[in-house]
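Chemist: Pasting a predicted model and its sequence here:
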Amino acid sequence: MPYTLEVCVDSTASALAAMQGGAHRLELCADLVIGGTTPSLALLQQVKAETGLPVRALLRPRFGDFCYDRWELAQMAQSAARLVEAGADGIVTGVLTPEGDVDVEALQPIYAAARAAAQRAGRPVACTLHRAFDVCRDPFAALEAARALGLSTILTSGQAPSAPEGAALLKRLVEAAGPELEILVGAGVTPENLPALAAATGARAFHLSGKRVLDSRMTFRREGVPMGLPGFSEFALWQTDAGVIRRARSALDSL
């Protein structure tokens with residue numbers, strides 16, 4: 001099986017950098033600085049047109065936990081269909097029950113909406129369970145829930161702050177998943193630790209953002225008037241670095 005390098009991006013500039021670095025596919029979101037939220041249809045269409053890469057769109061209506069109310073779940077199902085209609089090759093999402101289990105009942109209509117839109121468009125859609133998996137109660141029960149939902153991928157750090165820290169569980173998950181369900185290793189993945197992660201886990205798919213912090217082009221700066229979360233500068237821009245992605249791709253190609 002070949003290796004896969006997925007790059008998480010939240011702008012067209014980052015998507016182009018990922019493409020230039022040799023990414024195999026993209027996960028597209030908005031607001032990566034807070035872990036990502038659902039991207040706009042305009043951004044999705046632009047990234048597809050500019051890169052030509054497979055794009056899986058994140059479906060996350062807000063920052064915070066993964067236990068959603070009925071209004072949020074309705075929005076997610078509608079957004080799943082619209083993102084696929086707009087060209088998304090996959091949907092990346094997750095919902096948990098208050099008890100910490102994968103909420104299969106809540107997820108079924110969301111993935112069904114994505115699949116119905118793909119069927120209307122005459123093309124397949126890849127359905128992923130995102131890192132809600134990493135905060136669930138039982139990872140192996142969650143893996144079986146993903147299998148029952150017919151998912152193609154689980155994005156996970158092995159229920160640890162970073163993938164290197166979760167390597168032991170990642171290895172067990174790769175073994176349990178088998179060839180039909182991709183374990184996509186993410187969080188703290190770098191070009192430098194990719195070879196060791198691949199050897200320790202047996203995984204064939206890896207996920208990173210490869211981001212760097214750029215200074216804003218603003219020359220006039222009104223200080224002391226924050227627009228978002230405390231502690232985040234309004235004049236620091238997070239963007240994927242093509243060089244980091246190129247090194248990651250080189251590391252995978254050498255395995």
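Modeler: Received, thanks.
Chemist: going forward, measure contacts and count neighbours with C-alpha atoms only.
Modeler: OK.
Chemist: list the buried ones in stretch 53-64?
Modeler: Across stretch 53-64, burial judged by 16 or more other C-alpha atoms under 10 Å covers Leu53, Pro54, Val55, Arg56, Ala57, Leu58, Leu59, Arg60, Pro61.
Chemist: Of those, which belong to strands?
Modeler: Residues from the buried residues of stretch 53-64 lying in strands, with DSSP state E as the criterion: Val55, Arg56, Ala57, Leu58.
Chemist: Closest one of the buried residues of stretch 53-64 to Ala113?
Modeler: Closest to Ala113 out of the buried residues of stretch 53-64 is Leu59 (12.3 Å), distances taken as C-alpha to C-alpha.
Chemist: if we can go back for a sec, distance to Glu27 and pLDDT for the ones in strands among the buried residues of stretch 53-64 - can I get that in CSV?
Modeler: Listed next are those as CSV, based on distance: C-alpha to C-alpha, whole Å; pLDDT from 0 to 100:
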residue, distance to Glu27, pLDDT
Val55, 6, 98
Arg56, 5, 98
Ala57, 6, 98
Leu58, 7, 98
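Chemist: From those residues, pick the one nearest Asp241.
Modeler: Proximity to Asp241 was ranked across those by C-alpha to C-alpha; first place goes to Val55, at 18.2 Å.
Chemist: Could you report the distance from the closest one to Val174?
Modeler: For Val55, the distance to Val174 (C-alpha to C-alpha, to the nearest Å) stands at 23 Å.
Chemist: just Leu229 next, same as before
Modeler: 36 Å.
Chemist: where do the strands sit along the chain?
Modeler: 4-9, 25-28, 55-58, 90-93, 126-129, 153-156, 182-186, 205-208, 211-215, 236-240.
Chemist: Turn those strands into TSV, including distance to Phe140.
Modeler: Converted to TSV, these look like this (distance: least, C-alpha to C-alpha, whole Å):
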stretch	distance to Phe140
strand 4-9	23
strand 25-28	24
strand 55-58	23
strand 90-93	18
strand 126-129	13
strand 153-156	12
strand 182-186	12
strand 205-208	19
strand 211-215	31
strand 236-240	33
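Chemist: Looking at these, which is nearest to Gly100?
Modeler: Closest of the strands of the chain to Gly100 is strand 126-129, at 14.3 Å (criterion: C-alpha to C-alpha).
Chemist: what's the model's confidence in that closest one, averaged?
Modeler: Per-residue pLDDT over strand 126-129 has a mean of 97.
Chemist: try stretch 92-110
Modeler: Mean pLDDT, taken over the full extent of stretch 92-110, equals 97.
Chemist: re the thing from before, with neighbour numbers in mind, choose between Leu229 and Val174.
Modeler: When Leu229 is set against Val174 and neighbours are counted by other C-alpha atoms under 10 Å, the residue ahead is Val174, at 19 against 10.
Chemist: so what's the more buried one scoring on pLDDT?
Modeler: For Val174, the model assigns a pLDDT of 98.
Chemist: Over to the one 4 residues further on?
Modeler: On the pLDDT scale, Gly178 is placed at 93.
Chemist: in this structure, which ranges drop under the pLDDT threshold?
Modeler: Residue ranges of the chain with pLDDT under 70: none are present.
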